[in-house]
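Peer 1: no sequence on this one, just coordinates:
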Ligand SMILES: [Zn+2]
């Protein structure tokens, strides 16, 4: 939960912390280098075949009648953000005043009502920040500051100097209680550890009584709770509560941290339920949890702890904090949201939250971070894309309120994200991905057979380059492939006439490789007349196999798009696509574009292969 050696009350000591942190980083780097070098020489496999010789399992609590597994989360807990304290302490370069203020403002916008802002006795920056918030009256009426202090007389005194004039505050006292710390770090007995906590509690009570204009809340953390004997946790918390005598006027929070995560989340839940069931003043206190993430299960620990009876969660946005970080409050909140429970926090502008947090912490958000990473609403795989595309189509068709979307537990729109990144195309993508992007960005509703044809082109392209295809590259490829721009046979002008016998004559002037030609033909419609004109001009024997057209956009004056596929005498197929203000011109050009592909294939050694079925990925 915290690691700073206490007593940093002057600016030069803050500097000392930075130097110390740099030294630790240097030592760690050297150790890693040494590890790489000596590891090779001394031992092939540094990992033990019998890890039990070195590592012991953490103890568990006996709670056979545990109740938490059959409960459900139905409401949001009280949240405390400790970004400005626990998170800040873990930064290589802790936040300066400006960054702290930007983060504070963000937390207010997100709806946090309890914010641990500082360890005022540990650094001058923290002390000054508390003073700024109070003196500049930046604390809204429904927001409560929290500050942390160790159980030392001078530090507690300095903490209350920092808090003078604050309307409401939570004073958070902690000391480490686990045998590992009692025996190795402090060399103190259980009684001495209890005495330390109660002495701190008494001093805090006296300081609070001396500033009665503030509404005080008292918080105590048996730090290292999750590997302290459960009965000793009860003993020390009872002793502190006896000093504090919590009631409605002077509420108390008991915070039970997984300072270092040492076991599976069910064990943490058992520990919380055990405490809740045995603590004598359960109804008079708020039970808070403060999970870290050493085993990667901080979120699970927090959720199971809430099932086990906890009322409140302390954590950081995107899980910043010492080592593997504090529990991530964004994930916790949105996990509730996607179960239909309002988290009472607002992440409608996720991009802004990410921008402020990464700027203040100078740490990135992982691309696969739950709900927030830049890839979490993206599907590359073909089968996923196909399912999502169908999901969106049904949603649009049926005007559904309920969110039922394959592969997407949260509607990206709810956190201010567009659907643009939902589907991205690489060599793993099938026909749906490219079709979706062309539909979303250009309004094309491609016939299924064309989707398959284009998917093969995309596949060749992505296999050739290995990477992702951007929207722009995809559109360029589509236009090139089907003659949307710069077709091999470009229509200049066309006239058609129908005679009384039902025959249509067509005369079209076209450009082929900078040469102007006039094509003439007749048929029982102007498209078949054009097919005949192509036969006499180029000896191309084409049959129109598929013809689709639709308008782009909803306005009646919108442009039309035409899709035509032709097969030649040998069964080879080509598609042409054209977009034009005039429907007939679009269709004619689409036919010429398809024909152009046969002409190009004839003049180049590689022929168009006959169409085969798409292999779905
Ligand atoms: Zn912590």
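Peer 2: Alright, I've got the coordinates. Because the structure is a prediction, the values reported are computed rather than measured.
Peer 1: shaky segments in the protein?
Peer 2: Residues of the chain meeting the criterion pLDDT under 70: 1-43, 554-557, 604-617.
Peer 1: Find the residue at the geometric middle of it.
Peer 2: In the chain, the centroid-proximal residue (CA atoms, centre = their mean) is residue 372; its distance is 1.8 Å.
Peer 1: Specify the residue ranges that define each domain of this protein.
Peer 2: Using automatic domain parsing, the domain ranges for the chain come out as 13-26+76-361, 382-482, 489-603.
Peer 1: for the ion, what are the nearby residues on the stretch 51-200 of the chain?
Peer 2: Residues of the stretch 51-200 of the chain lying close to the ion (CB under 5 Å from the ion) are residue 86. Quick note: C-beta positions are derived from backbone N, CA and C, even for glycine.
Peer 1: What is the neighbour count of the residue of the stretch 51-200 of the chain found nearest the ion?
Peer 2: At 4.3 Å from the ion, residue 86 is the closest residue in the stretch 51-200 of the chain, using CB to the ion. Neighbours of residue 86 under the rule other CB atoms under 10 Å: 27.
Peer 1: Any residue of stretch 226-234 touching the ion?
Peer 2: No. Using CB under 5 Å from the ion, stretch 226-234 stays clear of the ion, coming no nearer than 11.7 Å.
Peer 1: need the contact list for residue 83.
Peer 2: Taking CB atoms under 8 Å, 6 or more residues apart in numbering, we find residue 83 in contact with 103, 107, 316, 317, 320, 357, 361.
Peer 1: still on that earlier bit, sec struct for the residue of the stretch 51-200 of the chain closest to the ion, please.
Peer 2: Classification of residue 86 using DSSP: H, G, I helix; E, B strand; the rest coil returns helix.
Peer 1: The closest residue to residue 458 other than its chain neighbours: neighbour count?
Peer 2: Of all residues not flanking residue 458 in the chain, residue 434 sits nearest, at 5.0 Å (CB to CB, 6 or more residues apart in numbering). Residues lying near residue 434 (other CB under 10 Å) number 27.
Peer 1: for residue 434, what are its contacts?
Peer 2: Residue 434 makes contacts with 425, 451, 454, 455, 458, 469, 474, 478, as judged by CB under 8 Å, 6+ apart.
Peer 1: These: which two are farthest apart?
Peer 2: Spanning the widest gap among those are 451 and 469, at 15.2 Å by CB to CB.
Peer 1: Wait, residue 87 touches residue 316, no?
Peer 2: Yes. Using CB atoms under 8 Å, residue 87 is in contact with residue 316, at 4.1 Å.
Peer 1: out of these two, which sits in the more crowded spot?
Peer 2: A count of neighbours by other CB under 10 Å puts residue 87 above the other of residue 87 and residue 316, at 28 against 25.
Peer 1: Enumerate every residue touching the more buried one.
Peer 2: Going by CB under 8 Å, 6+ apart, residue 87 touches 316, 317, 320, 321, 325, 326, 361.
Peer 1: Between those residues, identify the one with the most neighbours.
Peer 2: Ranking the contacts of residue 87 using other CB under 10 Å puts residue 326 first, with 31 neighbours.
Peer 1: What is the three-state secondary structure of residue 221?
Peer 2: strand.
Peer 1: I'd like to know the beta-bridge partner residues of it.
Peer 2: On the basis of DSSP bridges, residue 221 is bridged to residue 174.
Peer 1: residues in contact with it?
Peer 2: Residue 221 sits next to 1, 172, 173, 174, 254, 255, 256, 257, 290 when contact means CB under 8 Å, 6+ apart.
Peer 1: Wait, a helix at the second one?
Peer 2: Just to be clear, that refers to residue 172. No. Going by three-state DSSP, the assignment for residue 172 is strand, not a helix.
Peer 1: so what's it closest to, chain neighbours aside?
Peer 2: The spatial neighbour of residue 172 that comes closest, neighbours along the chain excluded (CB to CB, 6+ apart), is residue 219 at 4.2 Å.
Peer 1: any idea how far that neighbour is from the ion?
Peer 2: Here the criterion is CB to the ion, to the nearest Å. By it, residue 219 lies 13 Å from the ion.
Peer 1: residues near that residue, how many?
Peer 2: Neighbour count of residue 219, defined by other CB under 10 Å: 27.
Peer 1: same check, this time on the one 5 residues further on
Peer 2: The number of residues packed near residue 224 is 24, by other CB under 10 Å.
Peer 1: Can you report how many residues lie near residue 351?
Peer 2: Residues near residue 351, counting by other CB under 10 Å, number 12.
Peer 1: got the contact list for it?
Peer 2: Contacts for residue 351 were tallied using CB under 8 Å, 6+ apart; they are 416, 417.
Peer 1: Going forward, the N-terminal residue is numbered 47.
Peer 2: Will do, 47 is the new start, and the previous item becomes residue 397.
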